[in-house]
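Colleague: here is my input; please provide its structure:
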Amino acid sequence: MPRQLPIDMLNESSKEIVYIRKNRPLLKKLAKETHFNLKEVEALALIHYKICKEHGSISRTLFRDIFHSGLDYTENIRHLLVDKVFSAMIQQNALHINMEQWVRGFSVILRGTLEERINFAFKVYDLMMTGRIKREQIFNNMRGCFISLGSDENVDETLKDFVDLILKTLDVDRDGSISEGDFKSAVMDKDKLLLECMGPVFPSRDYQYAFSTTFTNNIGDF
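Modeller: Model (predicted):
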């Protein structure tokens, strides 16, 4: 005789099945429009469902906790950027990230093409959401990442020199600001390492791998 599952597990399983069936059209659409297959989309959707069921809608604060624990956004610079990653994933002034945004966001973060990652990183760096990154924004992006190593070190001067270097490298049309086109040209034509020149937007390969194992066996290369 097969082992019986506790009734609460059966109820939970049935709720998940209902959730998947209810959202089937959207899940199929996401499987066509992202880098995940249908099973992976369903698994990611269920992760979102379970988090919301346990903790409520995924707000900026909860999102921060998830990325700190699951994707190691704990070092100083990643900690500063995680709120901007949240904003880039919702792509609007919403207070919570819904399931579709969750799946689409992870599609870029974990498996995005270079062009998709360029567009995403630019959104993270574009603090004012104007389509232009100016000197002041670069300074603010990097301000908390420069830690003084000695009492005589002028951090602001060091940062100013770094900002000047970024502008010189990325401001392709020399108009005093970095457009998305400038950023794309610099990364694709000069050096792909410029993708995260204003701070690491994406998780490390090890944590991308570790997180991916929570919802798929199709890990691929990291």
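Colleague: name the nearest residue to residue 105, sequence neighbours excluded.
Modeller: Leaving out its chain neighbours, the residue that sits closest to residue 105 by CB to CB, 6 or more residues apart in numbering is residue 89, at 3.5 Å. The C-beta positions use only the backbone N, C-alpha and C, and glycine is treated the same way.
Colleague: and the one you found, how far is that from residue 132?
Modeller: 21 Å (CB to CB, to the nearest Å).
Colleague: so for the two, which sits in the more crowded spot?
Modeller: More crowded of residue 89 and residue 132, by other CB atoms under 10 Å: residue 89, with 21 against 15.
Colleague: surely the more buried one is within a helix?
Modeller: Yes: read with DSSP: H, G, I helix; E, B strand; the rest coil, residue 89 is one of the residues of a helix.
Colleague: still on that earlier bit, hang on, the residue nearest to residue 105 packs against residue 101?
Modeller: Yes: the pair residue 89 / residue 101 is scored as a contact, 5.5 Å apart, by CB atoms under 8 Å.
Colleague: now the common contact residues for the two.
Modeller: Counting by CB atoms under 8 Å, 6 or more residues apart in numbering, residue 89 and residue 101 have no shared contacts at all.
Colleague: doesn't residue 95 make contact with residue 60?
Modeller: Yes: if you go by CB under 8 Å, residue 60 and residue 95 touch, sitting 7.5 Å apart.
Colleague: these two: which is more packed in?
Modeller: residue 60 (15 against 9).
Colleague: contact partners for that one?
Modeller: Counted by CB under 8 Å, 6+ apart, residue 60 has contacts 83, 86, 95.
Colleague: quick check: it vs residue 84, distance?
Modeller: In terms of CB to CB, residue 60 sits 10 Å off from residue 84.
Colleague: look up the closest residue to residue 213, ignoring the ones flanking it.
Modeller: Excluding the flanking residues, the one nearest residue 213 by CB to CB, 6+ apart is residue 219, at 6.6 Å.
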